[in-house]
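>>> Sequence and predicted structure, then a few things I'm wondering about:
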Amino acid sequence: MTASCAAGSHGKRLFYLGCVALCLLCSSLQMRAQQTAVKAVADGHWMGAKEQLERWMAEPGSGRRGGDGENGLRTEQAEALMLVCDYVLDAKGVADRMGEWTGEHPLSPWADVLRVLRRNRLLKEGRAEEALDLFMEDEARGFRANVPLPYPLESLTDEMSSCNEVLYRLAGERLYETGRHEAAVGYLEMGEKTRTSRYKLGMCYYRMGMMEKAKVALKESAEGATDEMAQSAWLHVGLSALLSARGQEGVRTAMMEEAQEAFRAAAAMTASATLREQALYNYALTLHEQNAPGTVAAMEQFLKDFPASGRATAVSQCLTEVYMTKKDYGKALSAISRVQSPDAETQGEKQKVLYRLAVQELNRGAVQQALTYAAQAVALGNKDAETYAESYYILGDCHYRLGNYQQAENDLTTALNLGMQTARGGLNNDGYARYTLGYALMKQQKYHGAIVHFKRTTETAEMGQAMRADAWNRLGDCHLNMRDYDEAVACYAKAKETDHALGDYAMLQQAYIEGLKGNYAKKVEMIGQMQAEYPASGQGAKALFEQGRAYVLMGQEDEAAAVFSTIAMRYPGHEYAKKASEELANMAQNIAMRDSIAAAQDSIATEAAKAPVVAAQQLFDAGQHQQAEQVLNKAIDEGIGKPYWLARAFVLLSDIYKAEGRTVEARQTLESLKANYKEDDDIGKMIEERMKE
């Protein structure tokens, strides 16, 4: 090597050494500049820190991105701190720049800090979904921001957690919306408390079966509000209380009352018709379950407001049940008729209500209205087998009472046939249906068919003795019309044997049959027995008329006239009184034809005068003193045209007074008669004999 070369080589080494020294000096200066910037960050001098960091980054070789080693780390720190300064200073676009930087430096010790601050910044900019996505990513990888933060960011400790409650709330709400209720609960419990978050937390508790917690959270979300959320909250408070009541019998009543109040509150709100429908439905049913006041009003309100609801059927059935229990069948029908699309079960319930209405109207004598209800029940078809059959029975009974005997026969026959197809194998009113059918057939002179059903009636113990006795009488009538006299007599005997109260008709019919056979004396005798056994019988007028006819047919006109006169006086206005008068007129005409008009008139007058006395004598002889006295007094008041029979009337009055222990009146009557009666006949002897007694 030459000297010049050596000198040159030495110069180069000195140059390089100088450069190295200069670089070391610059590096030392840069480090001090960055340290100054870091300290400014630590002191919270954000603007100054940013300016120093920017100057440092502008120095040659200091801000080289992607550098290796210590210089690269200082560059990352400087960039990160500049982004933090921009965050604090609210620089535009900082959130997006943070996102870019953390994307490029995912492993940087500053990446997590910037992710947290970026979340906060996104929230402040209204980009909640982006912030939430970032939060959920951090949650998924188990990241939690270090608290307290390392130097130089200790002053940002509160800022790092400032948005956590909001993010927890948003995370919980997102999980709730996706149906992940158990996962949502933890976030909502830790998150910011708003009406919405409390509502969603309560709904999570509700779906997880935590009813007490659900009620607390839902009530908090509903207090003081009337919007749809509040309406839903109160509805679910009620449902929570209702579900709690099922498992806590000891506090069931209190829980039910709490549920009712919550449902009532939700039903009073109009934000959502769907929620109101559900609330009012549950309110009505919980009241019904406890038989509480207001049940009917709540159900009526539901059917009025939601007639097309799928729940209307259940409510109408409950309301119908309430009205049916109260026997308010009209309101029951109104309730069940509000269901716009009734199912088969509802139609069956309606059929039962219509049947009950028909029975009710029939019992109070409103036959036409009963017929209308029964026809409506039948028109529904075989919805409820027993009710369908019984409705035909009522329909037939109505037609019978209206005189539509053929239609009654058809309906009653249908009722009996349908009854045999039911589970019980017959109508509940089977005996009554057969009894009425027997009458309908008899009215149409279908005696053979009538006999079948009347016979079944007599064999049905639950029909009661009066109805069975009446059926025996009707059997007797059927056989009588068929000229089967012996069988008729036997049936009448069974009627009296079954119920003595109906024996008067039976005895009269038996006497009538004796007359048909020509045994008039026997007929008279049997009628006398009937009158003695049944002195107050409703068949009295007819019995006397038949007795008078028997006398006529035997040629005993006096006895006949006396009987007919008795009918006219005892039963004025009765159809048989009119017939008796006609018989008397016929008898008078016969006497006039046989003798002379004058004699006939005299005889009629005598008979007319005699008749009340003879009638009264018969009553007296039968022990009916008061009736005999009434007949005589009436005749005397109206005038007895023959003195002799007038005197006989007073003599008989004295006998009546004496028999009743009224001796003073008896003697006074005889003394008055003795003083005033001047005829020379047996009256004087009668007076003397009685006065001696």
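Done, it's in.
>>> Can you give me the buried ones in stretch 303-312?
303, 306, 309, 311, 312 (16 or more other C-beta atoms under 10 Å). Placement of C-beta: from N, CA and C, glycine included.
>>> I misspoke; the intended subject was stretch 378-387.
Neighbour counts over stretch 378-387 (16+ other C-beta under 10 Å) mark 378, 380, 383, 384, 386, 387 as buried.
>>> Tell me the gap between that stretch and the middle of its chain.
Relative to its chain's centre, stretch 378-387 lies at 19 Å (C-alpha atoms, centre = their mean, to the nearest Å).
>>> Over to stretch 51-60?
87 Å.
>>> Quick one: mean pLDDT for stretch 163-177?
For stretch 163-177, mean pLDDT is 94.
>>> what residues does that stretch touch?
For stretch 163-177, contacts defined as C-beta atoms under 8 Å, 6 or more residues apart in numbering pick out 119-120, 123, 128, 131-132, 135-136, 139, 181, 183-194, 196-197, 200-201, 203-204.
>>> quick revisit: just give me the closest of the buried residues of stretch 378-387 to residue 52.
residue 383 (92.9 Å; C-beta to C-beta).
>>> what about that closest one, distance to residue 300?
For residue 383, the distance to residue 300 equals 24 Å [C-beta to C-beta, to the nearest Å].
>>> Residue 83: neighbouring residues, count only.
When neighbours are counted by other C-beta atoms under 10 Å, residue 83 registers 24.
>>> Now that it has come up, it's in contact with residue 98, right?
Yes - assessed by C-beta atoms under 8 Å, residue 83 is found in contact with residue 98 at 5.4 Å.
>>> quick one: the helices in the stretch 151-300 of the chain?
Under the criterion DSSP state H, counting those that start in this stretch, the stretch 151-300 of the chain contains helices at 157-161, 164-177, 181-190, 195-207, 211-222, 228-247, 252-267, 273-289, 295-305.
>>> Can you add distance to residue 345 and give those helices back as a markdown table?
Formatted as a markdown table, these follow (distance: least, C-beta to C-beta, whole Å):
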| stretch | distance to residue 345 |
| --- | --- |
| helix 157-161 | 61 |
| helix 164-177 | 38 |
| helix 181-190 | 36 |
| helix 195-207 | 31 |
| helix 211-222 | 32 |
| helix 228-247 | 24 |
| helix 252-267 | 25 |
| helix 273-289 | 17 |
| helix 295-305 | 16 |
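>>> Of all those, which one comes closest to residue 409?
Closest to residue 409 of these is helix 295-305 (C-beta to C-beta; 40.6 Å).
>>> Could you give the average pLDDT over the helix or strand just after that closest one?
Counting by DSSP states H and E, the element after helix 295-305 in chain order, helix or strand, is helix 312-325. Averaging pLDDT along helix 312-325 gives 80.
>>> Which helix or strand contains residue 85?
Element membership of residue 85 [criterion: DSSP H and E] is helix 69-88.
>>> buried stuff in that helix?
Applying a neighbour-count criterion of 16+ other C-beta under 10 Å, the buried positions in helix 69-88 are 74-88.
>>> Now the buried members of the contacts of stretch 163-177.
The neighbour count (16+ other C-beta under 10 Å) marks 119-120, 123, 128, 131-132, 135, 181, 183-185, 187-189, 191-192, 197, 200-201, 203-204 as buried among the contacts of stretch 163-177.
>>> Kindly report the domain assignment for the chain.
For the chain, automatic domain parsing gives the domain ranges 34-158, 163-292, 596-693.
>>> Just send these back as CSV, with distance to residue 468 too.
Formatted as CSV, the domains of the chain follow (distance: least, C-beta to C-beta, whole Å):
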stretch, distance to residue 468
domain 34-158, 88
domain 163-292, 42
domain 596-693, 31
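>>> looking at these, which is buried most?
Sort these by mean neighbour count, taking mean count of other C-beta atoms under 10 Å, and domain 163-292 sits at the top with a mean of 19.
>>> Next, the distance between the ends of that one.
Start-to-end span of domain 163-292 (C-alpha to C-alpha, to the nearest Å) is 50 Å.
>>> The domains of the chain: which one's closest to residue 356?
Proximity to residue 356, assessed across those by C-beta to C-beta, is greatest for domain 163-292 (20.0 Å).
>>> Give me the below-cutoff pLDDT ranges for this protein.
1-31, 33, 60-70, 145-148, 247-251, 593, 595-601 (pLDDT under 70).
>>> Strands along that one, start to end?
Counting by DSSP state E, the chain forms no strands at all.
>>> and residue 629, what does it touch?
Contacts for residue 629 (C-beta under 8 Å, 6+ apart) come out as 616, 653, 656.
>>> coming back round to it: inside helices: which ones of the buried residues of stretch 378-387?
Under the assignment DSSP state H, those contribute 378, 386, 387 to helices.
>>> Include distance to residue 170 when you put these into a markdown table, please.
Output for those, formatted as a markdown table (distance: C-beta to C-beta, whole Å):
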| residue | distance to residue 170 |
| --- | --- |
| 378 | 65 |
| 386 | 62 |
| 387 | 60 |
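>>> Out of those residues, which is nearest to residue 455?
Here the nearest of these to residue 455, counting by C-beta to C-beta, is residue 386; it sits at 25.3 Å.
>>> who's in contact with stretch 668-681?
643-644, 647, 650-651, 653-654, 657, 683-684, 687, 690-691.
>>> likewise stretch 197-214?
Contacts to stretch 197-214, defined as C-beta under 8 Å, 6+ apart, come from residues 169, 172-173, 176, 181-182, 184-185, 188-189, 191, 215-218, 220-222, 229, 232-233, 236-237, 239-241, 243-244.
>>> Thought residue 644 was touching residue 683, still the case?
Yes - counting by C-beta under 8 Å, residue 644 is a contact partner of residue 683 at 7.0 Å.
>>> all helices for the stretch 451-600 of the chain, in order.
Using DSSP H, counting those that start in this stretch, the helices of the stretch 451-600 of the chain run over 465-481, 485-498, 503-516, 520-533, 540-554, 557-570, 575-594, 597-621.
>>> Show me what the first one is packed against.
Which is helix 465-481. With contacts taken as 3 or more C-beta pairs under 8 Å, 6 or more residues apart in numbering; DSSP states H and E, helix 465-481 sits against helix 430-443, helix 447-458, helix 485-498, helix 503-516.
>>> Can you name the residues that contact the residue nearest to residue 581 when sequence neighbours are not counted?
Among residues not flanking residue 581 along the chain, residue 568 sits closest, at 5.6 Å (C-beta to C-beta, 6 or more residues apart in numbering). In this structure, residue 568 makes contact with 577, 580, 581, 584, judged by C-beta under 8 Å, 6+ apart.
>>> quick one: residue 585 from residue 634, how far?
21 Å.
>>> my guess is residue 260 meets residue 285, correct?
No - Residue 260 is beyond contact range of residue 285, at 10.0 Å (criterion: C-beta under 8 Å).
>>> Could you count how many residues lie near residue 529?
There are 13 residues near residue 529, going by other C-beta under 10 Å.
>>> need the contact list for it.
Contacts for residue 529 were tallied using C-beta under 8 Å, 6+ apart; they are residue 507.
>>> show me what contacts residue 278?
Residue 278 makes contact with 235, 266, 311, according to C-beta under 8 Å, 6+ apart.
>>> Could you export the residues you listed as a markdown table, including distance to residue 36?
Shown next, in a markdown table, are the contacts of residue 278 (distance: C-beta to C-beta, whole Å):
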| residue | distance to residue 36 |
| --- | --- |
| 235 | 64 |
| 266 | 65 |
| 311 | 76 |
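>>> still on that earlier bit, if we take the contacts of residue 629, which one ends up nearest to residue 271?
Using C-beta to C-beta, residue 616 is the member of the contacts of residue 629 that sits closest to residue 271, with 91.2 Å.
>>> how close does the closest one sit to residue 676?
Residue 616 is 20 Å from residue 676, where distance means C-beta to C-beta.
>>> Could you measure from residue 95 over to residue 314?
56 Å.
>>> let me redo that: residue 574
Counting by C-beta to C-beta, the gap from residue 574 to residue 314 is 60 Å.
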